[in-house]
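Participant: please find the sequence and the predicted model below.
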Amino acid sequence: FYEQGFHGTAVRDIARRVGVTVPALYYYYENKEAILVALLETATNDVASRAFAAAEEGGDRPEVRFANVIEAVVLHMTHRVRLAALDSELRYLQPANRKHYAATRKKLENLLTGIITDGVRAKVFTVAEPAETSRALLGMCQAVATWFRDDGPLRPEKLAARYVAIALMTVGAQPGSRRTRPRQGGAR
């Protein structure tokens with residue numbers, strides 16, 4: 001799917017690449033869409049679990065929780081590019097599958113919106129629209145999967161640090177201060 005898109009990929013291609021027969025593949029998945037759904041759920045659940053863990057590491061400090069979440073999302077996008085890039089293929093899902101996937105993605109959006117709202121209340125962020133800001137920032141992070149290459153000039157950790165700085169400026173916080181510096185090493 002990553003290389004040829006959903007419609008350009010035949011079930012035979014998938015079976016050959018994973019080393020099974022077509023009937024064996026159909027034993028586990030109802031159809032090609034079910035394979036895409038499984039991959040999208042894997043990616044979304046992975047990034048969400050990492051983001052929630054990163055937020056928790058920030059304790060009760062919204063600026064640290066925020067930086068940790070942005071870092072975790074960007075690191076996911078860089079370390080799992082092929083999986084993260086499949087998000088663009090969700091347009092081929094049937095409405096019920098798309099709705100389920102959207103609900104899973106909404107958990108991450110709600111997490112970030114809640115952190116931004118907490119930061120506004122604590123007067124460490126200056127954002128008028130936390131939900132819109134959250135969607136804009138997640139869109140910025142999601143776009144990383146469309147252009148990031150492992151053999152490119154930026155390493156994932158450096159890119160994550162840059163995106164954290166951009167995100168902190170977006171919410172009106174000062175990047176690089178001791179109070180907003182994300183955890184070292186990040187989540188993969």
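Facilitator: It's in.
Participant: helix, strand or coil for V124?
Facilitator: coil (DSSP: H, G, I helix; E, B strand; the rest coil).
Participant: for it, which non-adjacent residue is closest in space?
Facilitator: E63 (4.9 Å; C-beta to C-beta, 6 or more residues apart in numbering). C-beta coordinates here come from the backbone N, C-alpha and C atoms, glycine included.
Participant: what's the neighbour count on that neighbour?
Facilitator: By other C-beta atoms under 10 Å, 23 other residues sit near E63.
Participant: helices or strands up against the one helix or strand it maps to?
Facilitator: Secondary structure from DSSP states H and E places E63 in helix 62-79. With contacts taken as 3 or more C-beta pairs under 8 Å, 6 or more residues apart in numbering; DSSP states H and E, helix 62-79 sits against helix 32-57, helix 95-121, helix 130-147, helix 156-170.
Participant: reformat the ones you listed as a markdown table; add distance to L86, mean neighbour count and mean pLDDT.
Facilitator: Formatted as a markdown table, the helices and strands packed on helix 62-79 follow (distance: least, C-beta to C-beta, whole Å; neighbours: other C-beta atoms under 10 Å; pLDDT from 0 to 100):
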| stretch | distance to L86 | mean neighbour count | mean pLDDT |
| --- | --- | --- | --- |
| helix 32-57 | 6 | 18 | 93 |
| helix 95-121 | 11 | 16 | 93 |
| helix 130-147 | 9 | 17 | 95 |
| helix 156-170 | 18 | 19 | 96 |
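Participant: now render these as JSON lines, adding distance to E89.
Facilitator: Listed next are the helices and strands packed on helix 62-79 as JSON lines, based on distance: least, C-beta to C-beta, whole Å:
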{"stretch": "helix 32-57", "distance to E89": "6"}
{"stretch": "helix 95-121", "distance to E89": "11"}
{"stretch": "helix 130-147", "distance to E89": "12"}
{"stretch": "helix 156-170", "distance to E89": "23"}
